[in-house]
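Asks: I'd like to go over a predicted model; first the sequence, then the structure.
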Amino acid sequence: MKVNLQTDSGSRAPNSLTVEGQSMRRCVAALLFFAWCGVTCHAQTPVADDSVTFNKNIAPILYKNCAVCHHPNDIAPMSLITYKEVRPWAAAIREAVVQRIMPPWHADPHVGDFLNNPRLSDAEIASIVKWVKSGGPEGDPKDLPAAPAFETGWHIKPDVIITIPRMTVKAGNQDDYEYIYVPTHFTEDKWIHAAEVVPGDRRVVHHATVSVVDANSVPKLRAEHGDVEKVDQYHFRTGKVNHMKPDAPVSDDGCVSIGNGPLKDPSSGGVNHVPAIYLPGHLAEVRPAGYDLKIPAGSYLQFQIHYSNRLGQAVTDRTSIGLVFAKNPVTHEVAQYEIWNNWFLIPPKDGNHKVTSCYTLPKDVLAVAYTAHMHFRGKSMTTEAVYPDGHHEVLFNVPKYDFRWQETYFLKRQFILPKGTKLVTTAYFDNSANNPLNPDPSKSIRWGEPSTEEMMGFWLAYADVQPISEHMETAASQSPGKGRK
Ligand code: HEC
């Protein structure tokens, strides 16, 4: 796509934009648009007009949907705020929005209704297409809305920022999992509405998961992570990362129990209290109003940071988490089921390898958000609920998984998944040479912490069905062990 920068240089007369330098891909984009336009709007021939201008029509779209990443010193390669910045990218922007590559979003739009869905409307796309076709006019400066303001590094306004002590990441440390414990010093329970993990040095922080842990468990956790020999018979360790042994038992179907060994229950689902995570393409986590995560007084935060330093020199990192406290009444406490199948084996060159996991909910919960987690060979993931009455419903579908964009999808409306609902997740992996991200198609792939090996995880953020206040009354007024009704 970089080529577009040169072909649409801003110094060119604006009206030449649509005529010259059409790449094959842009023709395809244009054809797609005409095909779509044929059913939704009147047939048009390209005409130079300035009824759609940057200042009046385009800037508001970019400010609302793009500037969050496309501003100086953020994750996108270029700023899209001023006319001067945007104009050279006009054709690339058209291509990116027509093909719905930007803004990034990987959930199937027909499955689930999500709070953080940034997809442009057809009308917004049509405006951009029309603007580019008519030469990208700037328009009247009076029409230009105020540019959005951003705090460097943050996409939320944290009430508190907690930072790890300075970490030295040695040159050549390709894959290190470090566990770092930082006290919150909270003297009372805190409710977290939004959070964001910002890497100290994006070049070496591959991912970072921040979990809430009890102060008393910190010494034990520290000792466990320090003990390099502490892996079971199915795993091995190189440096600071774990891998599944090549000859460990295999179960691609996590829904089928085999024997009494580890495959008796091939899928696992643990509960985790995760204020936020940093993954490629993962933005700040802003929970729905009333749905907050509790950090009890005195807790520690565990930063699990995966460092990967390919720079040829040691660097220091100070990764931080920013927390926004709940300002509205808290109605529900959020936690997360992390559902995995870790026993798969993806054969060499297999372009469509299926792996499933199954997890039966141990209690009634409200579904709050979904996340799909795989590595470079991840191709697609679908999660279906099989309800206790037997009917099925697809909850979540990521038809084209992209390791570089691991979003968490927050539901607009939380809904009950009753106790006994089975969550069946089906993932496909592409271990062929056709997958441009595949580090090595000749390898047989098992679970492993490095991105060059694989993981298969579906995470469900959930809340208890009863609102918090009822919950507390229930706890006070009823004897333990009583049901909900
Ligand atoms: C969540 C952050 C994010 C948002 C929101 C976002 N972008 Fe991007 N954009 C990126 C990143 C990161 C890249 C570079 C990596 C890539 O191409 O995937 C990129 C790349 C691009 C490119 C391709 C640049 C090239 O190299 O050819 C275009 C064009 C673009 N974005 C336009 C847009 C437009 C228009 C919007 C809004 C409608 C938008 N982006 C929204 C993060 C974002």
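Replies: Okay, I see it.

Asks: number of residues surrounding the closest residue to residue 365 other than its chain neighbours?
Replies: Closest residue in space to residue 365, ignoring its immediate chain neighbours: residue 462 at 4.0 Å, by Cβ to Cβ, 6 or more residues apart in numbering. Any C-beta I mention is one placed from the backbone N, CA and C, and that applies to glycine too. The number of residues packed near residue 462 is 24, by other Cβ atoms under 10 Å.

Asks: wait, residue 462 sits on residue 333?
Replies: No: with contact defined as Cβ atoms under 8 Å, residue 462 does not count as touching residue 333 (9.8 Å).

Asks: in contact with the residue of the stretch 351-485 of the chain found nearest the ligand, which residues?
Replies: Closest residue of the stretch 351-485 of the chain to the ligand, Cβ to the nearest ligand atom: residue 404 (6.2 Å). Contact analysis of residue 404 by Cβ atoms under 8 Å, 6 or more residues apart in numbering lists 280-281.

Asks: okay, it and residue 235: tell me how far apart.
Replies: Separation of residue 404 from residue 235 (Cβ to Cβ, to the nearest Å) stands at 27 Å.

Asks: can you tell me which residues in the stretch 251-400 of the chain are near the ligand?
Replies: Residues of the stretch 251-400 of the chain lying close to the ligand (Cβ under 6 Å from any ligand atom) are residue 283.

Asks: please enumerate the strands of the stretch 251-400 of the chain.
Replies: Assigned by DSSP state E, counting those that start in this stretch, the stretch 251-400 of the chain shows strands spanning 253-254, 267-272, 276-278, 285-286, 291-295, 300-307, 315-317, 320-325, 332-341, 353-360, 365-373, 378-386, 392-398.

Asks: where does the prediction get shaky in the chain?
Replies: Within the chain, the stretches with pLDDT under 70 are 1-49, 226-229, 470-485.

Asks: domain ranges for it?
Replies: As assigned by automatic domain parsing, the chain contains the domains 3-143, 160-469.

Asks: stretch 319-328: end-to-end distance?
Replies: When the termini of stretch 319-328 are compared using Cα to Cα, to the nearest Å, they are 28 Å apart.

Asks: for residue 193, list the residues it contacts.
Replies: Contacts for residue 193 (Cβ under 8 Å, 6+ apart) come out as 286-287, 292, 324-328.

Asks: name the SS class of it, please.
Replies: Using DSSP: H, G, I helix; E, B strand; the rest coil, the structure places residue 193 in strand.

Asks: from the ligand, how far off is it?
Replies: From residue 193 across to the ligand, the span is 20 Å (Cβ to the nearest ligand atom, to the nearest Å).

Asks: quick check: that residue vs residue 98, distance?
Replies: 35 Å.

Asks: phi and psi next, for the residue most central in space within the chain.
Replies: What sits nearest the mean C-alpha location of the chain, by Cα atoms, centre = their mean, is residue 407, with 1.8 Å. For residue 407, the backbone dihedrals are phi -90, psi 160 (criterion: degrees, to the nearest 10).

Asks: contacting residues for it?
Replies: Residue 407 touches 104-107, 116, 281-283, 371, counting by Cβ under 8 Å, 6+ apart.

Asks: circling back to that earlier point, most tightly surrounded among the domains of the chain?
Replies: Among the domains of the chain, domain 160-469 has the highest mean neighbour count (mean count of other Cβ atoms under 10 Å), at a mean of 18.

Asks: which non-adjacent residue is nearest residue 408?
Replies: Counting by Cβ to Cβ, 6+ apart, residue 408 lies nearest to residue 371, which is 4.6 Å off, once chain neighbours are set aside.

Asks: I figured the one you found hits residue 410, correct?
Replies: No: using Cβ under 8 Å, residue 371 is not in contact with residue 410, being 10.0 Å away.

Asks: residues shared between the contacts of these two?
Replies: Listed as contacting both residue 371 and residue 410 by Cβ under 8 Å, 6+ apart are residue 461.

Asks: distance from stretch 389-401 to the middle of the chain?
Replies: From the chain centre to the centre of stretch 389-401 is a distance of 18 Å (Cα atoms, centre = their mean, to the nearest Å).

Asks: bridging residues for residue 463?
Replies: Per DSSP bridges, the residues bridged to residue 463 are residue 334, residue 366.
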